[in-house]
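> Kindly generate the corresponding structure for this input.
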Amino acid sequence: MIIDKIENAHYYTNLHHRFSKVFDFIKNNDLSKIDNGKHSIVGEEIFAVVMEYTTQEISKCKTESHKKYIDIQYMIDGEEEIGFTTLHNQIPTTPYNETGDYIFYNGEKLDTLELKKDHFTIFFEDDIHQTMRMLESPKKLKKIVFKILK
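A predicted model of the protein is given here:
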């Protein structure tokens, strides 16, 4: 798991051969005006899902990991708390959903980070994460989640 501000994205482009296309997309588009929904960047190899939602109490948030895609989550506007931990013998609460590429877990004993405007996180396949968590109170945000085929 990585968290950083977008101006440091160049440090991470060599971690995966598709990361540079994601960071170029962020730099070369006005994301404040991008429509919600799915946006193809390179077919199903790299796509983005733009979403707006209101953060919520931890008890309402889902905890997940992925097998097929790496997530780069970039905060366009707003902020949220994200719970995370490394996958290590946790027992899933649901079977793997191949179509949606997710496995759910219970959200106990997670470390936390704050994802703020113009910052990003990278979640690899061994990173369990729980998004949508409110910091102090529910607030609206706009975020883009890039799905990068491993």
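
> what sits opposite residue 50 in the beta ladder?
Beta-bridge partners recorded for residue 50 (DSSP bridges): residue 37, residue 144.

> Quick one: residues contacting it.
31, 34, 35, 36, 37, 39, 76, 142, 143, 144 (CB atoms under 8 Å, 6 or more residues apart in numbering). For the C-beta atoms, the positions are set from N, CA and C on the backbone; glycine is no exception.

> just the buried members of these?
Neighbour-count burial within these applies to 31, 39, 76, 142, 143, 144; the criterion is 16 or more other CB atoms under 10 Å.

> With pLDDT and distance to residue 8 added, can I get these in JSON lines?
What follows is the buried ones among the contacts of residue 50, written out as JSON lines (pLDDT from 0 to 100; distance: CB to CB, whole Å):
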{"residue": "31", "pLDDT": "96", "distance to residue 8": "17"}
{"residue": "39", "pLDDT": "97", "distance to residue 8": "24"}
{"residue": "76", "pLDDT": "98", "distance to residue 8": "17"}
{"residue": "142", "pLDDT": "98", "distance to residue 8": "21"}
{"residue": "143", "pLDDT": "98", "distance to residue 8": "18"}
{"residue": "144", "pLDDT": "98", "distance to residue 8": "18"}
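
> Looking at the residues you listed, spot the one nearest residue 56.
residue 143 (14.0 Å; CB to CB).

> Throw the contacts of residue 50 into CSV and include distance to residue 91, thanks.
Formatted as CSV, these follow (distance: CB to CB, whole Å):
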residue, distance to residue 91
31, 37
34, 38
35, 38
36, 34
37, 33
39, 35
76, 34
142, 34
143, 29
144, 31
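
> Show me which of the buried ones among the contacts of residue 50 is closest to residue 62.
Residue 62 has its nearest neighbour among those in residue 143, at 15.2 Å by CB to CB.

> thinking the closest one is in contact with residue 51, fair?
Yes - taking CB atoms under 8 Å as the definition, residue 143 is a contact partner of residue 51 at 5.8 Å.

> measure residue 49 to residue 77 for me?
16 Å (CB to CB, to the nearest Å).

> now do the same end-to-end measure for stretch 50-59.
End-to-end span of stretch 50-59 (CA to CA, to the nearest Å): 24 Å.
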